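>>> Next comes the sequence, and after it the predicted model I'd like to discuss.
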Amino acid sequence: MTATRLIDAARANGVRIVTAESCTGGLVAGALTEIAGASDVFECGFVTYSNAAKVNMLGVAGATLDAHGAVSEQVAREMALGALARSGADLAVAVTGIAGPGGSEHKPEGRVCFGIATRGSSTVTQTVEFGPLGRSRVRAESVEHALRLLVAALT
């Protein structure tokens, strides 16, 4: 299980984790806290579903939202950096996307943007096109991808 590997790797490296989630609605944090002993490494999670919450809780710039929209690597980057700045964690993951149903020609259903920020290091972003798999499956795939990104950041 990816979450168990992540908890073990974070514990071995003395790293604390924070999550900043939009389309996954706290499911990444839920996957981590499902593991006994996660409190050793899991600091906290931010569920910022609305743009206002992204601005108020994570410090995402309104100008970034206006220029790129909530589903963008730029917003994922600012979410991850904001989560680090507002927690005692060393490693952050951010997830923002369109789980569906719906989407548009420019931002289709299944597009999810991720940000990984590590204290004292550069921030990495990535967009994954999961496609129109349905809301539940896009969210589940996003959680697994976020966990894999966190494991990769630690190894």
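Structure's in. What do you need? Numbering: from 1, shown residues only.
>>> Give the burial count for Leu65, as a bare number.
18 (other C-beta atoms under 10 Å). Every C-beta, even on glycine, is put in place using the N, C-alpha and C of the backbone.
>>> Quick one, grab the pLDDT at the closest residue to it other than its chain neighbours.
Once flanking residues are discounted, Leu65 sits nearest to Asn51: 5.3 Å by C-beta to C-beta, 6 or more residues apart in numbering. Listed pLDDT for Asn51 reads 97.
>>> Tell me which residues touch Asn51, please.
Neighbouring residues of Asn51 by C-beta atoms under 8 Å, 6 or more residues apart in numbering: Val60, Leu65, Ala70.
>>> dump the residue contacts of the last one.
For Ala70, the set of contacting residues under the criterion of C-beta under 8 Å, 6+ apart consists of Ser22, Asn51, Lys54, Thr96.
>>> Please report how far the second one lies from Thr33.
In this view, Asn51 and Thr33 are 26 Å apart by C-beta to C-beta, to the nearest Å.
>>> picking up where we left off before, return the subset of the contacts of Ala70 lying in helices.
Using DSSP state H, the subset of the contacts of Ala70 located in helices is Asn51, Lys54.
>>> Farthest-apart pair in the contacts of Ala70, please.
Farthest apart among the contacts of Ala70 by C-beta to C-beta are Asn51 and Thr96. That separation is 10.2 Å.
>>> For the spatially closest residue to Gly97 that is not a sequence neighbour, which three-state class applies?
Of all residues not flanking Gly97 in the chain, Val112 sits nearest, at 3.1 Å (C-beta to C-beta, 6+ apart). Under DSSP: H, G, I helix; E, B strand; the rest coil, Val112 falls in the strand class.
>>> Contact partners for Val112?
23, 71, 95-99, 127-128, 130, 138, 141-142, 145.
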